[in-house]
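Participant: coords below, sequence missing:
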């Protein structure tokens, strides 16, 4: 019988110096609302179109209170394709 139930294999070394592309842009689905005093589903509203990206505001789906904001930065333009 194996007395160590959680044995983790020594897999290949991870690269920690490169950011993971999976978490480049996250989208909030629920945030804490101070008015409702719980985590609630949110709606995203476009506030401003800025040179560095689009600014969005997250609001509570039930009472409309602002619960957060986010700036979506566009991917860099790759230039001309030849």
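Facilitator: Now that the structure is in, tell me what you want to look at. Keep in mind that this is a model prediction, so the values were computed, not measured. Residues are numbered from 1 along each chain as shown.

Participant: against residue 26, how distant is residue 43?
Facilitator: 16 Å (CB to CB, to the nearest Å). Where you see a C-beta, it was placed from the backbone N, CA and C, and this is true even at glycine.

Participant: the two: which is more packed in?
Facilitator: Using other CB atoms under 10 Å, the more surrounded residue of residue 43 and residue 26 is residue 43, with 12 against 8.

Participant: element containing that one, please.
Facilitator: Per DSSP states H and E, residue 43 falls inside strand 38-50.

Participant: who does the helix or strand following that strand touch, helix- and strand-wise?
Facilitator: Using DSSP H and E, the helix or strand that follows strand 38-50 in sequence is strand 53-60. On a contact count with 3 or more CB pairs under 8 Å, 6 or more residues apart in numbering; DSSP states H and E, strand 53-60 meets strand 30-33, strand 38-50, strand 66-72.

Participant: what sits against the closest residue in space to residue 60 that isn't next to it in sequence?
Facilitator: Ranked by CB to CB, 6 or more residues apart in numbering and with sequence neighbours excluded, the top spatial neighbour of residue 60 is residue 33, at 4.2 Å. By CB atoms under 8 Å, 6 or more residues apart in numbering, residue 33 lies in contact with 39-40, 60, 62-63, 65, 67.

Participant: give the buried subset of those residues as a ChimeraX selection command.
Facilitator: To isolate the buried members of these in ChimeraX, using 16 or more other CB atoms under 10 Å:
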select :40,60,67
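
Participant: could you export the contacts of residue 33 as JSON lines, including pLDDT?
Facilitator: Formatted as JSON lines, the contacts of residue 33 follow (pLDDT from 0 to 100):
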{"residue": "39", "pLDDT": "96"}
{"residue": "40", "pLDDT": "96"}
{"residue": "60", "pLDDT": "96"}
{"residue": "62", "pLDDT": "95"}
{"residue": "63", "pLDDT": "96"}
{"residue": "65", "pLDDT": "95"}
{"residue": "67", "pLDDT": "95"}
